[in-house]
Structures are given as structure tokens and as C-alpha cells.
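K.L.:
Give me a model of this one.
(one chain, ligands or ions: 2)
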Amino acid sequence: MEKKQFQAESKRLLEMMINSIYSHKEIFLRELISNASDAIDKIYYKALTDDTLSFDKDSYYIKLVADKENRTLKISDTGIGMTKEELENNLGIIAKSGSLAFKNENESKDGYDIIGQFGVGFYSAFMVADVVTVISKALGSDEAFKWESTGADGYTIEPYEKDSVGTEILLKIKENTEDENYDEYLEEYRLKSIIKKYSDFIRYPIKMDVTERKLKEGSENEFEDYREEQIINSMVPIWRKNKSELTAEDYENFYSEKRYGFDKPIKHIHISVDGAVRYNAILFIPEKTPFDYYTKEYEKGLELYSNGVLIMNKCSDLLPDYFSFVKGMVDSEDLSLNISREILQHDRQLKLIAKNINKKIKSELQSLLKNEREKYEEFYQSFGRQLKYGIYSDFGSNKETLQDLLMFYSSKEKKVVTLDEYVSRMPEDQKYIYYASGETYERIEKLPQTELVAEKGYEILYFTDDIDEFAIKMVMTYKDKEFKSVSSGDLGIEAEDSHKNTESEEQENKDLLGYMKQILSDKVKDVRASKRLKTHPVCLSTDGEVTIEMEKILNAMPG
Ligand code: ADP
Ligand code: MG
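P.N.:
Ligands and ions are numbered 1, 2, ... in the order given. Model prediction:
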């Protein structure tokens, strides 16, 4: 039997790919810059093992030149370059990655940062360009070549003049169409912002000539423009720096540069993990609740980088809902990306990272609570509600994680306390953790139901948030102590007056109680003589699981 090769209609394939795998056209710049960075990396790795080669950091860079008049954008690098064969193989065969091959050949060496692997990124240039020209001279070669293509109709290769080793990619930017603007890819400010967004942490300088405005010499109000070559990217990501070299201010600057928020973070968390999945992360606990935080519009998530290149703006899988206030980024070299490098192929690594991060956030919050109480209370003021929602949702499965982080106002301390503090202060004869719900502390204070408990000298937690009681129902017990609403039927407190007394009172006032019950017929279930009241004549109480406050909330809920 004869075995035949599949024939691919490469023209069509190319078109399909170019127009379907990337969600944003601006990605082309990320891809070309990543390739340039890979090319420089390759020289760097070669120099590590080849004594005749030296790597002088200053002579390696990536440069962008936009020419509006001719509608061209040039991206050049001083990387390893390509031979004629390499131009044909790597740029002429779709899904052929010279970078992946390089990684495999040099597997023994550590610390690979090479980004490329799929062999398609280069073609993204055709999303914005009609013609792509590549001029390249390979390391160790005397000749240079020019590769040129209009995308669909294949390519040409011819010898060309180029003095230095490296690659130049010239894009003939498309004309604007009715619904697509291409001019923007020739605008300095736009290019700058795309570089900042995706390629800020490429390790080699990305240079560009930009126009700046300055005061004319000798003048106080006249300005003049001048051209200047600038390095656009920050290069060394803060998360790869040594923690000991970084100050609180460095982190704060990063927070505001990244526009994570307009406040100052209460705390930063810098994580470097070298385990089953390697990653670096910088996380922040904001100080203030973002204005849209408790609305549907708020989007949780962390920035996700693969090897310093931005993959996802808001990766929501990295944060549980109850920590949705956390801001920051994760960079990992171990992610398996899909071909567009915009989404992840498997989420095993991501799940591991998310799990680690979750633990870390919790322990950092706990240490904040322990060591910087004031700051914690500030944090709790802003995001405590979210923690309580966290306990309430998922049927209380998060209570182990979150219950130690809860705080409620205490009748005794006149400030917020943790459940642990409450329980550790409980007198021996106290069976329950008591709470009272109401709109404000002042109102709760005046509730007749609190009297007996307070008289006993027991502490009462004041619940003023809608969610409080619902969350506590999910916690159920804390350190083996059950929670008890002061308005529940049985408070578990032995009243000084004996049982008989209430019974006889009940007998004595039978007519009165009966009459009251008749008048309130559909409003209450029963009217009883109470042993819990001290100075108030009456109070409401409940028998079941749902307290009066909860009933109010449930009744107010739509649907
Ligand atoms: P990938 O980067 O995933 O390998 P690309 O389509 O982006 O795929 O690039 C294909 C190949 O072309 C690269 O693997 C590399 O071998 C080669 N290449 C692309 N750009 C350059 C460059 N600027 N310098 C040297 N080689 C390059
Ligand atoms: Mg690439």
C-alpha cells in the first residue's frame, strides 16, 4: 500500500489562522518582539558554552522605527539571525518553530526563557501588514538574505546586503478600512502602550525614537520638539528581583504603575516558588473598596504572565471569590499555553498555583490580624463582607479557611473582636456564643432580648450586616461552641427565678395572655410569660432556625 502525505492548502490555512487565532490585532507586536527576544537569548545561551563568543549586554537590543509617510514599521534585533535554510524552514513552514527545536537541542541547560514554541506567531504580522519583509544575517555567516511575502501567495528569498548579525522585519502597514484602523500601528504613543502592555518585561531593551517636548533654551514659555531614543520597557520585572533589595515604596510604585488601584495597598505579598510548578507572584491587599466592588461589573482576577510576557489581563481562575479583592500578577514559565498564547491548554498548573496563592493570602491576612491589628481592621472594614459571603456561599465549605478571619462588634469590648478572642474569654458556665442582630449597634444595645445574656455577664456579638447571621449559620460551631441568637426561644441560661415561678405566672395571667394572643392572632404564634426580661415589659423571640432579623431580610429579597 502506498502511503500518501496530507496536502494542506497552505494559502487558505494561513489566512484562516491569521484571522482566527488572535483576538486582538495588536498582538502582532508582542509576537515579533518575543521572537526578537528569543533570537537574542539564543546568542546569550551560545555564549555560555562557546568561549569564542562573548555576550556584551549593551550591544543587544530590539529597535522599532515607525515611518508614517511610507506606512512602514520596522522591528530589528541584534539576535542570532537566520540562514537561508532557516528563513525557508522557520518562516516558510507554518507551525515550524526554530525556537522549540533550539530548546530541545539545548535541553541540558537551565534557565531557559525562550518564549517561542508553536511556530505561528510570526504570521500574526499579516493581520496588520500587506507585505512582510525579513532581512537577516545569521551568526557565523558572511551572507545575508531577504525573505518577502504578501501572505497568501508564498514568499521569495534573495541574497541581500546587511552588515551586522541580526534580523530586520519590515511591515508595510495596511490601509485603513471602514471598520479597521491600521494607522494606529504607526503612532508612537500607541506602539509605546502596546509594548508596555505585553512586552514590558522582555529582558532586552526595546528602543524607539520618540518625540518629546521641552522648553526652548532661554525661553520660559516657548516649547520645541526634539527626537530622542528611549528604552520603552522596564526590562527587569520587579517580581524577579530579590525581595531583600525591594522597599515598600517599590511595591507601592508597582501597584500604582499597574493601576491596580488608586489607593495605597495595605499589604503586598511577594511569592517565589520553585516547586512542582515554578512561579513568581506579587499580590496586593488594597486599602479601599473599589467603587464597583460590590456590583456585578467588578471583575476579579490576576494578571498572568508566561516568561515575562503578558498572557491574560484578568485570570479569574487564580482567585476564589472570597479573595476577589486581591490585585496583582503571576508569572510562570511552566504554563502550557494554547497556540495563540492567549489561553491555557491545561489548567493543572493553574490549579496548583491558585491553591498555593489561596493559602498564602490566608496566612498573610492572619499575620496581619495578629501583628498589625489596626491595618487588619481597616482591611476588614473594606472587605469583611466579602469574607462573610465566602462562608455563606458554597454551603460553608470555605468556613475552615475563613472563620478565623471574621470579626464582629462585641458588647463587652465595644470594638470588633474575632471569634477566637470571644471564645477564649468565655466563662466556664457559658454554653453558647451569643449574638444579636439589628440595624445599628445602638439599636441592638436597646433590644430587650439582650438583657438576660448581658446580665449574666456574657459577651454578645452584634450583627449589623445582612449577611452576618447567614454566614454564622454556615459556621455552625466555632471551637465546639454553638452560636445562639439572643432572641431564640431557649437561651441555655438558667434563670434565677425558678421554673415554677414562670409556670405559676403563666397560670395567674392566663386570661391576659390569652387575650393578647387573640388580638395578635395572625402576627405571633404564641404569647408566653418570659423569664428573660429584666426591665423591658415584652420582647419577641423565635423558636426555629430563622431569627427575626433573617426573616426580615428573606422577606425583603426579590422573588
Ligand atoms: P515560535 O516563536 O513560536 O517558534 P514564530 O512563528 O513566531 O514561532 O517564529 C518561527 C520561527 O522563526 C522561530 O521559532 C525562530 O526560529 C524564527 N524566527 C522568527 N523571528 C526571528 C528573529 N527575529 N530572529 C531569528 N529567528 C526568528
Ligand atoms: Mg514566536
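
K.L.:
Contact residues of this protein facing ligand 1?
P.N.:
Proximity of the chain to ligand 1, by Cβ under 6 Å from any ligand atom, involves residues 31, 35-36, 39, 77, 79-82, 90-91, 97-100, 116-122, 167. In short, each C-beta sits where N, CA and C put it, glycine included.

K.L.:
Okay, and which of those map to helices?
P.N.:
Residues of the residues of the chain next to ligand 1 located in helices (DSSP state H): 31, 35-36, 39, 98-100.

K.L.:
Just the buried residues of those.
P.N.:
Buried positions within these, assessed by neighbour count (16 or more other Cβ atoms under 10 Å), are 31, 35-36, 39, 98-99.

K.L.:
Which ones among these also lie next to ligand 2?
P.N.:
Restricting those to those near ligand 2 by Cβ under 5 Å from the ion leaves N35.

K.L.:
Grab the two from the buried ones among the ones in helices among the residues of the chain next to ligand 1 that are most spread out in space.
P.N.:
E31 and G98 (14.2 Å; Cβ to Cβ).

K.L.:
Need the residue closest to the centroid of this structure.
P.N.:
Centroid-nearest residue in the chain: L302, 1.5 Å away (criterion: Cα atoms, centre = their mean).

K.L.:
in this protein, which segments are predicted with low confidence?
P.N.:
Scanning the chain for pLDDT under 70 picks out 5-9, 107-112, 494-503, 531-534, 543-550, 553-559.

K.L.:
mind redoing it with 80?
P.N.:
For the chain, applying pLDDT under 80 flags the ranges 1-19, 94-95, 106-113, 152-153, 338-346, 394-396, 489-510, 513, 521-525, 528-559.

K.L.:
Ligand 2 contacts on that one?
P.N.:
Near ligand 2, the residues belonging to the chain are 35, 116, 121 when assessed by Cβ under 5 Å from the ion.

K.L.:
Mind picking the one among those residues that's closest to Y198?
P.N.:
Using Cβ to Cβ, G121 is the member of these that sits closest to Y198, with 11.9 Å.

K.L.:
residues contacting the closest one?
P.N.:
Neighbour list for G121: 31-32, 34-35, 341 [criterion: Cβ atoms under 8 Å, 6 or more residues apart in numbering].

K.L.:
what's the spacing between it and V527?
P.N.:
Relative to V527, G121 is positioned 78 Å away (Cβ to Cβ, to the nearest Å).

K.L.:
where's D225, which helix or strand?
P.N.:
strand 223-231 (DSSP states H and E).

K.L.:
what's the answer for K414, then?
P.N.:
Counting by DSSP H and E, K414 is held by no secondary-structure element, helix or strand.

K.L.:
ok now do it, which residues does it touch?
P.N.:
No residues are in contact with K414 under the rule Cβ under 8 Å, 6+ apart.

K.L.:
any idea how far ligand 1 is from it?
P.N.:
Taking Cβ to the nearest ligand atom, to the nearest Å as the measure, K414 falls 63 Å from ligand 1.

K.L.:
next one: N70
P.N.:
Per Cβ to the nearest ligand atom, N70 is found 21 Å from ligand 1.

K.L.:
for that residue, phi and psi?
P.N.:
The phi/psi pair for N70 (degrees, to the nearest 10) reads phi -90, psi 0.

K.L.:
Is there a neighbour count for it? I'd like the number.
P.N.:
When counting by other Cβ atoms under 10 Å, one arrives at 11 neighbours for N70.

K.L.:
quick one: secondary structure of the residue nearest to L29 when sequence neighbours are not counted?
P.N.:
Leaving out its chain neighbours, the residue that sits closest to L29 by Cβ to Cβ, 6 or more residues apart in numbering is I194, at 5.0 Å. Under DSSP: H, G, I helix; E, B strand; the rest coil, the three-state class of I194 is helix.

K.L.:
Can you report how many residues lie near the closest residue to F223 other than its chain neighbours?
P.N.:
Spatially, and ignoring its direct neighbours in sequence, F223 is nearest to R213 (5.0 Å; Cβ to Cβ, 6+ apart). Burial of R213 is recorded as 8 neighbouring residues (other Cβ under 10 Å).

K.L.:
hey, C-alpha coordinates of the helix or strand harbouring R213 in CSV?
P.N.:
Per DSSP H and E, R213 falls inside strand 206-215. C-alpha atoms of strand 206-215 as CSV (Å, rounded to 0.1, in the frame of the first residue of the first chain):
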residue,chain,number,x,y,z
ILE,A,206,13.2,47.8,23.3
LYS,A,207,14.3,51.1,21.8
MET,A,208,12.3,53.6,19.9
ASP,A,209,12.8,57.2,18.7
VAL,A,210,10.1,59.3,20.3
THR,A,211,9.3,63.0,20.1
GLU,A,212,9.5,64.9,23.3
ARG,A,213,8.6,68.4,24.0
LYS,A,214,10.9,70.7,26.1
LEU,A,215,11.2,74.4,26.9
